[in-house]
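*Asks:* Predicted model, plus sequence, below.
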Amino acid sequence: FGADGRACVASPSLPPSFIPPRRPLAAANMFSWIGKDARRKKEPELFQTVSEGLRQLYSQKLLPLEETYRFHDFHSPALEDADFDNKPMVLLVGQYSTGKTTFIRHLIEHDFPGMRIGPEPTTDSFIAVMHGDQDGVIPGNALVVDPKKPFRKLNAFGNAFLNRFNCAQLPNPVLESISIIDTPGILSGEKQRISRGYDFAAVLEWFAERVDRIILLFDAHKLDISDEFSDVIKAMKNHEDKIRVVLNKADQVDTQQLMRVYGALMWSLGKVVNTPEVLRVYIGSFWSEPLLISSNRKLFELEEQDLFQDLQNLPRNAALRKLNDLVKRARLVRVHAYIMSYLKKEMPSVFGKENKKKQLILKLGQIFSKIQLEHHISPGDFPDLNKMQEQLMVHDFTKFPSLKPKMLEALDDMLTYEIAKLMPLVRQEELEMPEQMVHGGAFDGTSNGPFIEGMCDGVYEVGEDDEWVVTKDKPKYDEIFYNLSPTDGKINGVKAKNWMITTKLPNSVLGKIWKLSDVDKDGMLDDEEFALASHLIEVKLDGHGLPSELPGYLVPPSKRRQVGSAE
């Protein structure tokens, strides 16, 4: 018999006299918890990729807390698998006719479906320019049900927005590494904002949380920041690290005016962007047409290189950006949980609920300060006070959940231990990636050649019997060539550059012409290669595009056998 007087049944594998000892229930639970915690620390979860680790941590540790405290009703919708796996995205924002769509065309060097360019407000939709096997447009309502695209949660903005949202797909080497979001031009005045039919600033805030880079475009002749533009910039308050500013069409003013324009832009931004740091501003003319005023050409060249380098690093830093955004989200979720549970605790059980609710909303700033001191939370982790007060007006505080310490402990554990375990994997992925991930288009090489342009990909398709189309104009080009004093029948890159920049074409275009013309890749041009470069310059000045690969009829006759053997 046992201690409680009941008979004990002996196990067949144990002696008949054996009676298993009993221990108090509380002690058993205590030791069970210690054992579980010890196992958790001894057996860390191993992830193959950073995206996999972030996705699992979010679904197991963060998402349950968000759902419990109704985080999605106040802040951002839940993250999905596509948010962790998608390519880096670049968001373009600016007033109408600042060159947003032209900027995209300049980057990818290709028209995309649905593209409209003009001096008036032409782009009236959000267009996600992404890679696809063939040209096509996916409308917004179809786009938000595609689980492979990171746009499913945009359905919360309704049909008024979805009718103004689509995805332009096209095969392009630049889009293999990044995606670009074109946005409607921002207008001035209250009337335009109301007529949109959806919350424009809220949509941009949604994108700002998920993109890797935000580019604010300004026109050298249009520096004013309208009310709507100001609201948009304020909506990106917690994402200043992603923002870059581009002062476009800077070739339309001379050096003295450009200095004044730059100062006026910084003054305007200083009134809206409340940060002690100065935003990085890139100055240039981001299209493939000749510069109107070329006196600042060297400045534009350096600025374009810096901007392209920044964009080329996006795939390399994508994992770290996703980790950083998840940590910011987790800190906001923790603060939100404390706010919800505090409001729940302060509510009366029976009478006076509505009056108490109004008092709590009115004193929300004091509640923020109290939570900050009690839980040692940074002021920067708290949401916008006015926005939070407005949102709380429509909620029933008595339905908010009480504080759940174990869930918050799991969140703190994720921030303290689990995220730290992913950092070595982040560094490893960065080291395994090439330095320049984005190729093609205007990015096509930014390190070689006199114009700091890269090699053109692809092979030349040549035929020995094809007539060289440059032959008829070669005497004219030869006269220029020999006036440049060639050495051993060739001119070097410096001489070629000094002559080519007199055409006022942007360096990105001249760099591509150089690479197409330097057929033997010796860093110099002979008379035939120089004639080919001159011909391509005239083609571009006439408004035509450049080939991505040199076709056979353009390869100089003396180089055709050489190119054919190289293939």
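*Replies:* Great, that's in hand. Numbering: from 1, shown residues only.
*Asks:* Next, the contact list for the residue nearest to L92 when sequence neighbours are not counted, please.
*Replies:* Nearest in space to L92, with sequence neighbours left out and distances taken as C-beta to C-beta, 6 or more residues apart in numbering, is K100 at 4.5 Å. (C-beta placed from N, C-alpha, C; glycine too.) Contact partners of K100, counting by C-beta atoms under 8 Å, 6 or more residues apart in numbering, are L92, V93, G94, T123, D182, T183, G185, L217.
*Asks:* With pLDDT, secondary structure and distance to F151 added, can I get the residues you listed in CSV?
*Replies:* Below are the contacts of K100 laid out as CSV (pLDDT from 0 to 100; DSSP: H, G, I helix; E, B strand; the rest coil; distance: C-beta to C-beta, whole Å):
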residue, pLDDT, secondary structure, distance to F151
L92, 93, strand, 17
V93, 91, strand, 17
G94, 87, strand, 21
T123, 56, coil, 18
D182, 92, strand, 14
T183, 90, coil, 14
G185, 84, coil, 21
L217, 91, strand, 23
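*Asks:* out of these, who's nearest T471?
*Replies:* Within the contacts of K100, distances to T471 taken as C-beta to C-beta reach their minimum at D182, with 42.8 Å.
*Asks:* Tell me how many other residues crowd that closest one.
*Replies:* 22 (other C-beta atoms under 10 Å).
*Asks:* do the same with S378
*Replies:* Applying other C-beta under 10 Å, we find 9 residues neighbouring S378.
*Asks:* L425 now?
*Replies:* If you count neighbours by other C-beta under 10 Å, L425 ends up with 18.
*Asks:* pretty sure it contacts T49?
*Replies:* Yes - with the criterion set as C-beta atoms under 8 Å, L425 and T49 qualify as a contacting pair; they are 7.3 Å apart.
*Asks:* shared neighbours, those two?
*Replies:* A319.
*Asks:* what packs against the helix ranked longest in the chain?
*Replies:* With residue count as the measure and DSSP state H as the assignment, the chain has helix 314-346 as its longest helix. With contacts defined as 3 or more C-beta pairs under 8 Å, 6 or more residues apart in numbering; DSSP states H and E, the packing partners of helix 314-346 are helix 50-57, helix 63-68, helix 71-74, helix 353-362, helix 364-375, helix 405-413, helix 419-432.
*Asks:* weakest of those helices by average pLDDT?
*Replies:* Ranked by mean pLDDT, the helices and strands packed on helix 314-346 end with helix 419-432 at the bottom, a mean of 84.
*Asks:* Need the three-state assignment for W267.
*Replies:* Classification of W267 by DSSP: H, G, I helix; E, B strand; the rest coil places it in helix.
*Asks:* start at 18 instead
*Replies:* Sure, I'll start counting at 18 from here, so that last one is W284.
*Asks:* Run a quick neighbour tally on it.
*Replies:* Using other C-beta under 10 Å, W284 is surrounded by 10 other residues.
*Asks:* pretty sure F399 is touching V352, no?
*Replies:* Yes - using C-beta under 8 Å, F399 is in contact with V352, at 5.6 Å.
*Asks:* Count the residues that sit near F217.
*Replies:* With neighbours defined by other C-beta under 10 Å, the count for F217 comes to 23.
*Asks:* And it, how close does it get to L296?
*Replies:* 21 Å (C-beta to C-beta, to the nearest Å).
*Asks:* and what of S395?
*Replies:* According to C-beta to C-beta, S395 stands 23 Å off from L296.
*Asks:* What residue, apart from its backbone neighbours, is nearest P365 spatially?
*Replies:* Take P365 and drop its neighbours on the chain: the residue closest to it by C-beta to C-beta, 6+ apart is K373, 5.7 Å away.
*Asks:* so the one you found touches S366, yeah?
*Replies:* No - proximity of K373 to S366 does not meet the contact threshold set by C-beta under 8 Å, at 10.7 Å.
*Asks:* in stretch 501-510, what's buried?
*Replies:* Applying a neighbour-count criterion of 16 or more other C-beta atoms under 10 Å, one finds P503, K507, I508, G510 buried in stretch 501-510.
*Asks:* Tell me the spacing between the third one and D539.
*Replies:* Using C-beta to C-beta, one gets 12 Å for the distance from I508 to D539.
*Asks:* From I121, how far off is G202?
*Replies:* 14 Å.
*Asks:* So for those two, which residue has more residues nearby?
*Replies:* In terms of neighbours (other C-beta under 10 Å), I121 is the more surrounded of G202 and I121; the figures are 26 against 19.
*Asks:* just how off-centre is stretch 348-366 within its chain?
*Replies:* Computed by C-alpha atoms, centre = their mean, to the nearest Å, the separation of stretch 348-366 from the middle of its chain amounts to 33 Å.
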